[in-house]
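Peer 1: Mind folding the following:
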Amino acid sequence: MAIDANAPIFVISVAAELAEMHPQTLRQYDRMGIVSPSRAPGRARRYSQRDIEMLRQVQRLSQEGVSLEGIKRIMELEKEVLGLRARVEELSAELDQAQQRQPDLGRIFAAGLGGDVVPLARGQRPPASAAFKPLGLVSLVQRHSRLRALPAGKPQSRDYANGYAASL
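Peer 2: This is a model prediction of the structure:
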């Protein structure tokens, strides 16, 4: 039978010995909010195995030169990361359950190669159109209306589309 890592079972003297610290240091960390143990009836501090691990991490960071405020911030961020990871796992499980309940019921549409709208199943690509040919500038000009422009100072229009197409 394993001991729960979150179970508050160690009194401050035992926790200080396990963390290789002075009990007064543990009290200071508690006041600063770096490592806050549970409280037993009568306001006695009770440390869990996880609290001891955190105290050891605080000691390592302190020996590396990180200030107590920096250590406090690091611990807060690590707690936030753990919470976010748990939330991601929870949402992933929820998404998996939703996908198992309703597999591929959503309709998916794509633009076909000819510019048309094509309904598709999930994971399917739009079919290649045999009649589709890439349109160049000349064919676009010929396909649509003829370009006409009035040159400055001349009253008659000129057909620029045919002149351009002929030059290619």
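Peer 1: Check the spacing between Pro119 and Ala111 real quick.
Peer 2: Counting by Cβ to Cβ, to the nearest Å, the gap from Pro119 to Ala111 is 12 Å. To be clear about C-beta, it is placed using only N, CA and C from the backbone, and glycine gets the same treatment.
Peer 1: Same question for Leu82.
Peer 2: Distance from Leu82 to Ala111, counting by Cβ to Cβ: 43 Å.
Peer 1: next one: Val66
Peer 2: 55 Å.
Peer 1: Those two: which has the busier surroundings?
Peer 2: Val66 (15 against 10; other Cβ atoms under 10 Å).
Peer 1: So for the more buried one, what's the pLDDT?
Peer 2: In this model, Val66 is scored at 94, pLDDT.
Peer 1: give me the number of residues near the closest residue to it other than its chain neighbours?
Peer 2: Leaving aside its chain neighbours, Val66 sits nearest to Ile74 (7.1 Å; criterion: Cβ to Cβ, 6 or more residues apart in numbering). Residues lying near Ile74 (other Cβ under 10 Å) number 15.
Peer 1: Then Tyr47?
Peer 2: 25.
Peer 1: Wait, it touches Arg39, no?
Peer 2: No - look at Tyr47 against Arg39 with Cβ atoms under 8 Å: they stay out of range, at 10.9 Å.
Peer 1: buried ones in the longest helix along the chain?
Peer 2: The longest helix of the chain (DSSP state H) is helix 68-101. Using 16 or more other Cβ atoms under 10 Å as the test for burial, helix 68-101 gives 71-72, 75.
Peer 1: which secondary structure elements does it contact?
Peer 2: Using 3 or more Cβ pairs under 8 Å, 6 or more residues apart in numbering; DSSP states H and E, the elements in contact with helix 68-101 are helix 49-63.
Peer 1: The helix it packs on relative to helix 68-101, how many degrees between them?
Peer 2: 130 degrees (axes from the mean of the first three to the mean of the last three Cα atoms, to 10 degrees).
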